[in-house]
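Peer 1: Attaching a predicted model along with its sequence, questions to come.
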Amino acid sequence: MTGIKRNKKSLLVYGTSFTLPIGIMFFVLFTNNIYWGSDTTILASDAFHQYVNFNILIRNVLHDTSSFFYSFKAGLGFNLYALMSYYLGSFFTPLTYFFNGENMADAYYLFILLKFGLIGLSASYCFSRIYPKLNAKLLILLSTSYALMSFSTSQLELINWLDTFILLPFILLGLHRLTIEGKLGLYYVSLCLLLVQNYFFGYITAIFLTLWFLTNLSWDFKERIQRLRDFIIISLLAVLSSSFMLLPTYLDLKHNGDQFTRLTSLFTENSWYFDLFAKNFVGSYDTTQYQALPTIYIGLLPLVLALSFFTIKSIKWQVKCAYLMLLIVLIISFIIQPLNLFWQGMHAPNMFLYRYSWVVSTVLILMAAETLSRLEELKLSHVYLPILMLITGFTGALFFKSHYLFLTNHQIAITFPFLAAYCLLLYSLVKRILPIRQMVVLMACFTIFEMGCNTYFQIKGIEQEWNFPGRTAYSGDFQATEKLLAKTDNSGLFYRIGQDNHYSLNDGMKYHYNSIAQFSSVKNKQAAQVLDRLGFRSDGNHATIAYHNNTLLMDSLFAIKYRLSQNPAEIYRFQKIAQIDQLSLFQNQNDLPLVLLSNGLYNDVNLNQNQIYNQERFVEALTGENYHLYNEIPIELKSNLHMIDNRLFANSLDKESITVNYRVNDPKTSQLYLMINNLQFSNQDQQNLLLKTPRFSAQQELTDAYPLFNLGTYSKGESFDFSLVVMNNLSVSFDQPQLFALDLEAYQRLIDHFKSQKVELAVKNNHINLHYKTQKEASLLFTLPYDKGWKASRDGKPVTITKAQGGLMKINVPKGKGKIKMTFIPEGLILGCLLSLIGFLLFLIYQSIQTHQTSKKPLHDK
């Protein structure tokens, strides 16, 4: 019966640890009008543009048995396997199968709730075994603090980061068992799972585990140092066993990722003396964008108890020194830029800074657990110094509040009462004013309530900084888009679709069509650079590629067969197929295939900052002929504006709008494009430009893309006026606009030239098959990013795929006809699988040897 009662008690503790974080998060989100089916979604920041679309993508792959290796749904094409290793490595990813694109936002909400519950459950289970003396209520206190630490709650929309904190307690328990008992299995398996799921957080965890193991040697150095070999070997075997994911990902990042961040200063930006205290106020939320401070909050009581660790006499001074050194190393990492970058793989994050700050939170919770395991030893003298230290630090942060403007009166008003309450509780506990059992319950209740308050402020911070988008922003045109896409060609021929008025740059993933636009940290940088030079804007770190605001010529060359648009501007030989509400589907009569046959061997040409010039040079390199496609034609400014150094300045007369009028005379038979460089608005929040022509009026998209606007198709001898209207701005300035005319007769000759080529193409999943015939030695240029994962054969014999323009692919072929077969398998996957098998077998052998070494006895616990 005792065993049954013990099991029931354990189930109650674990159940509470699971449901409490879910309940708190559910209530907090509900107060922000976020719940299943609500009008407001949880898709803040990257969740809206990236994560939810990646989940829809993998859902579609599961349903239509597409390749897990490669996808054409964004960026011309990309290594899906590499993307999975960062964005989609989760226990919950297979569950996307049971949802669809329209309700994936609700699935996202459900997954977040369940993950917070599992974090609490895993912490409760593992802490109870690492610290068996912990009271059950205190176990719930610590597991809830761990589950709802600010690092997780302030970035909850980054859903796959949460999986790290589900696995971390098991890794720590596994390391504990390895160190104390010589048991290797749990540490090996849990570390493997983390490395496979998320290489980035796996890397951070590996650094943390090394420091943690070395720190814990201080408990019993002579005994525990004997486990150093086990720790090193099992850690390396875990890495080796994860090679089937790590090696392909590493090679993809090596070839296509960013360079290491250059060190420009010794210290990190925005660091100040009281940063850590300021971020430990209840509800403290500064930003998750730039200039952020490390997010380390775990609750005031766990923090006091963690600091009390250094005052308890039963803990050896060597242990205290080791833990103090660990904390110093972590805190210095927040200040010293080389250390900060080292923790993050020598890459400065693009927002969401200090991605390793959860390590401090975890260490503090583990130190609090050590203190609570010695609760009967606790005296007032043990908590005086920690509380005094916090009061001093909080006061200092308030005194220098100009550095911490994010601290509000509400946060200050609840922090000090909570701290006072914990002082009273600790005093009552030490003086035995109430039975220990009742005091423990009160401590747990106060801490859980505090964590709920902090979570509320974190969610409010996300809402104010990023905004939780409405459901209409996520799925407003979903049904209309789906119905229009159903009218596209389903013959199996490869083509791409462009979308002018996109909700995100990953709409191709969301709606399951082949696309050029992309937003992802896992990208092909070289291909993005080429696309940028050709007018598909991709600057900075090339995480984004924009389709809109480019030319008809690029639509054809890059296999755009359909265009989804709310823009009524006419485009040559784009025929409207259907319209639902404001959204229309247009078909390009001049679309070209995925592969273009060059006139002779293709040689790279120099591309500069002028996209129009680059497009002509690209065509000339492909065809060996100058088609004289573009001409710059003059435009007449009809408005009375100020011009200084070829730059126009306009002011609002009615404080509502600014109108600038132009006239175009005899543009000949052409598609007209207006380039307006260096647009600057007085109101940065209202960067809206309305283009008015005699045939249409359309709002122009200014974000992400180049300022190249389509004026429509015009015939020879036709003159017209057009206007630029800027709304909600007092002033606007821009460089003298340029008007480019695409000669439609020359353009049509070019299209006819490519259509006459004898190339037959079939694309399925990660395979491309084509037949070609050429009158002379030539190049097959693929409008696909160059990736070493692609392998090709011609008539059964291997051929080399080389780079075109540094980022696209080409295959040189001799005169005559032939058959090309191409297959994409992530570079390093086969070797990685072999290494993983070797790692697993070596682990089994090593574990077997350890098991049979009966002379080695388990180490004594501390």
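Peer 2: Done, it's in.

Peer 1: Now for this protein, the helix or strand with the poorest mean pLDDT.
Peer 2: strand 642-644 (a mean of 81; mean pLDDT, DSSP states H and E).

Peer 1: What are the contacting residues of that strand?
Peer 2: Residues outside strand 642-644 that contact it (Cβ atoms under 8 Å, 6 or more residues apart in numbering) are Leu648, Phe649, Ala650, Gln736. (C-beta placed from N, C-alpha, C; glycine too.)

Peer 1: could I get those as a markdown table with secondary structure and distance to Leu724?
Peer 2: Converted to a markdown table, those look like this (DSSP: H, G, I helix; E, B strand; the rest coil; distance: Cβ to Cβ, whole Å):
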| residue | secondary structure | distance to Leu724 |
| --- | --- | --- |
| Leu648 | strand | 10 |
| Phe649 | strand | 13 |
| Ala650 | strand | 9 |
| Gln736 | coil | 13 |
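
Peer 1: Filter the residues you listed down to the buried ones.
Peer 2: The neighbour-count criterion (16 or more other Cβ atoms under 10 Å) marks Leu648, Ala650 among the contacts of strand 642-644 as buried.

Peer 1: tell me which of the contacts of strand 642-644 is nearest to Asp555?
Peer 2: Checking these against Asp555 by Cβ to Cβ gives Gln736 as the nearest, at 27.2 Å.

Peer 1: ok, how many other residues are close to the spatially closest residue to Val799 that is not a sequence neighbour?
Peer 2: Leaving out its chain neighbours, the residue that sits closest to Val799 by Cβ to Cβ, 6 or more residues apart in numbering is Ala792, at 5.1 Å. Using other Cβ atoms under 10 Å, Ala792 has 19 neighbouring residues.

Peer 1: would Ala792 count as being in a helix?
Peer 2: No. Under DSSP: H, G, I helix; E, B strand; the rest coil, Ala792 falls outside any helix and is assigned strand.

Peer 1: Tell me who's in contact with it.
Peer 2: So Ala792 contacts Pro798, Val799, Thr800, Ile801, Ile811, Ile820, Lys821, Met822 (Cβ under 8 Å, 6+ apart).

Peer 1: what about 7 Å?
Peer 2: Listed by Cβ atoms under 7 Å, 6 or more residues apart in numbering, the contact set of Ala792 reads Val799, Ile801, Ile811, Ile820, Lys821, Met822.

Peer 1: for it, which residues make a bridge with it?
Peer 2: Val799, Met822 (DSSP bridges).

Peer 1: Show the pLDDT at it.
Peer 2: If you check Ala792, the pLDDT there is 98.

Peer 1: Can you list the residue ranges for strands in the stretch 1-150 of the chain?
Peer 2: All strands of the stretch 1-150 of the chain, identified by DSSP state E, counting those that start in this stretch, fall at 70-71, 78-79.

Peer 1: any residues touching the first one, and which ones?
Peer 2: Applying Cβ under 7 Å, 6+ apart, the set of residues contacting strand 70-71 from outside is Leu57, Gly77, Phe78, Asn79, Leu80, Asn766, Phe824.

Peer 1: In helices, which of the residues you listed appear?
Peer 2: Leu57, Leu80 (DSSP state H).

Peer 1: Now render the contacts of strand 70-71 as CSV, adding distance to Arg374, pLDDT and neighbour count.
Peer 2: What follows is the contacts of strand 70-71, written out as CSV (distance: Cβ to Cβ, whole Å; pLDDT from 0 to 100; neighbours: other Cβ atoms under 10 Å):
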residue, distance to Arg374, pLDDT, neighbour count
Leu57, 50, 96, 26
Gly77, 58, 97, 28
Phe78, 53, 96, 24
Asn79, 51, 96, 28
Leu80, 51, 96, 25
Asn766, 58, 95, 22
Phe824, 57, 98, 23
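
Peer 1: between the contacts of strand 70-71, which is nearest Val282?
Peer 2: Distances from Val282 to the contacts of strand 70-71, taken by Cβ to Cβ, are shortest for Leu57, at 38.9 Å.

Peer 1: Quick one: residues contacting the closest residue to the closest one other than its chain neighbours.
Peer 2: Excluding its sequence neighbours, the residue lying closest to Leu57 (Cβ to Cβ, 6+ apart) is Met509, at 4.0 Å. Neighbour list for Met509: Asn53, Phe54, Ile56, Leu57, Lys73, Ala74 [criterion: Cβ under 7 Å, 6+ apart].

Peer 1: How about the backbone phi and psi for Met509?
Peer 2: Reported as degrees, to the nearest 10, the phi and psi values for Met509 are phi -70, psi -40.

Peer 1: What of the one 4 residues further on?
Peer 2: Tyr513 adopts backbone torsions of phi -130, psi 160, taken as degrees, to the nearest 10.

Peer 1: in the stretch 701-850 of the chain, which spans are helices?
Peer 2: In the stretch 701-850 of the chain, the helices defined using DSSP state H, counting those that start in this stretch lie at 744-755, 829-852.
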